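S.K.: All I have is the shape, not the residue letters:
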């Protein structure tokens with residue numbers, strides 16, 4: 001007896017839910033640099049990914065030898081480039097952006113990932129034609145324009161240093177480029193290599209990130225001792241608590257959820273779901289500062305959610321040429 005294939009709408013809903021939950025967990029990464037101002041972005045990245053590597057090693061230890069024997073040189077290269085682009089380099093840029101420009105502008109610039117991923121992934125299998133996505137993408141672009149107008153205007157009114165803000169914006173743009181490349185490369189690689197489950201690839205990805213982070217940690221320690229000076233307090237207990245929480249929540253669980261979404265959804269839709277990381281980061285920022293969102297921030301969040309919801313509906317419905325006859 002043949003097994004019934006899962007309903008397309010059920011597969012889509014599962015992928016969307018996993019993507020939304022991953023975004024909610026990833027939103028935490030924008031708050032930690034504000035919690036730990038005494039640590040450099042490199043130290044923050046190293047702490048998070050060493051912890052991620054250690055947790056991943058513990059999770060995969062029973063079957064580690066068998067799993068490593070299955071790896072090919074191509075798999076190793078994929079893990080190396082994705083751990084750098086999607087984890088270490090990306091998070092260094094994010095931490096720099098948050099420390100120089102703040103949570104708001106950094107999270108919203110990284111929030112352009114849905115647009116960039118959609119544009120670069122528009123030729124992938126299952127992607128909705130770009131012409132059909134122009135309207136929801138316009139809502140996304142309007143949302144990002146609203147929040148950036150609000151943030152820059154608020155910074156000028158508060159007398160913030162424009163050069164510092166611009167450097168933070170440039171770092172956020174670097175994070176955007178890293179994550180765009182990672183999201184497309186990871187989704188394509190998982191679809192081409194079904195021999196690895198989402199959990200296995202997430203654990204391998206974490207182990208690779210931890211191994212790459214170790215030499216960076218040595219560099220960070222040497223840099224700190226060479227340029228030691230007065231600055232914010234360095235609370236190492238809080239440092240490891242925050243990084244362990246990030247490693248478990250944002251990295252281990254969040255990445256596994258994202259891998260599930262990447263297998264079930266076309267790249268043009270997974271790109272849209274990254275917006276929930278931006279929304280979560282903004283909400284966490286409001287809660288941390290104890291402030292209500294300003295009007296343009298509320299408008300931006302509404303536009304973001306509306307754009308993503310519209311995009312999901314477009315992916316769930318057949319194109320006009322394939323619609324069932326009346």
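M.R.: Cool, the structure landed. No experiment lies behind these values; they were computed from the predicted model shown.
S.K.: so how far is residue 303 from the nearest residue to residue 112 once chain neighbours are set aside?
M.R.: Spatial nearest neighbour of residue 112, excluding adjacent residues (CB to CB, 6 or more residues apart in numbering): residue 176 at 5.5 Å. Backbone N, C-alpha and C define where each C-beta goes, glycine included. To residue 303, residue 176 is 19 Å away according to CB to CB, to the nearest Å.
S.K.: How much space separates residue 285 from residue 278?
M.R.: Relative to residue 278, and taking CB to CB, residue 285 is found at 11 Å.
S.K.: Can you pull the residues that touch both of these two?
M.R.: Contact with both residue 285 and residue 278 is made by residues residue 107, according to CB atoms under 8 Å, 6 or more residues apart in numbering.
S.K.: quick one: which of those two has more around it?
M.R.: residue 278 (30 against 22; other CB atoms under 10 Å).
S.K.: right, and the more buried one touches residue 115 too?
M.R.: No - the criterion here is CB atoms under 8 Å, and residue 278 misses it with residue 115 at 11.7 Å.
S.K.: which SS class is the residue nearest to residue 112?
M.R.: helix (DSSP: H, G, I helix; E, B strand; the rest coil).
S.K.: Run the chain-centre distance for the helix or strand bottoming out on mean pLDDT in the chain.
M.R.: Sorted by mean pLDDT, DSSP states H and E, the helices and strands of the chain end with helix 267-273, the least confident at a mean of 72. Relative to its chain's centre, helix 267-273 lies at 12 Å (CA atoms, centre = their mean, to the nearest Å).
S.K.: From the contact counts, what lies against it?
M.R.: Packing partners of helix 267-273 (3 or more CB pairs under 8 Å, 6 or more residues apart in numbering; DSSP states H and E): helix 8-26, helix 113-120, helix 130-157, helix 162-192, helix 254-264, helix 295-316.
S.K.: May I see the buried residues of the fourth one?
M.R.: Of the residues in helix 162-192, those buried under the neighbour-count criterion (16 or more other CB atoms under 10 Å) are 165, 168-169, 171-176, 178-184, 186-190.
S.K.: Now do that helix: which elements does it pack against?
M.R.: Counting contacts by 3+ CB pairs under 8 Å, 6+ apart, helix 162-192 is packed against helix 73-83, helix 89-101, helix 103-110, helix 113-120, helix 130-157, helix 254-264, helix 267-273.
S.K.: For it, what is the distance to the chain centroid?
M.R.: 9 Å.
S.K.: what angle separates it from helix 89-101?
M.R.: 160 degrees (axes from the mean of the first three to the mean of the last three CA atoms, to 10 degrees).
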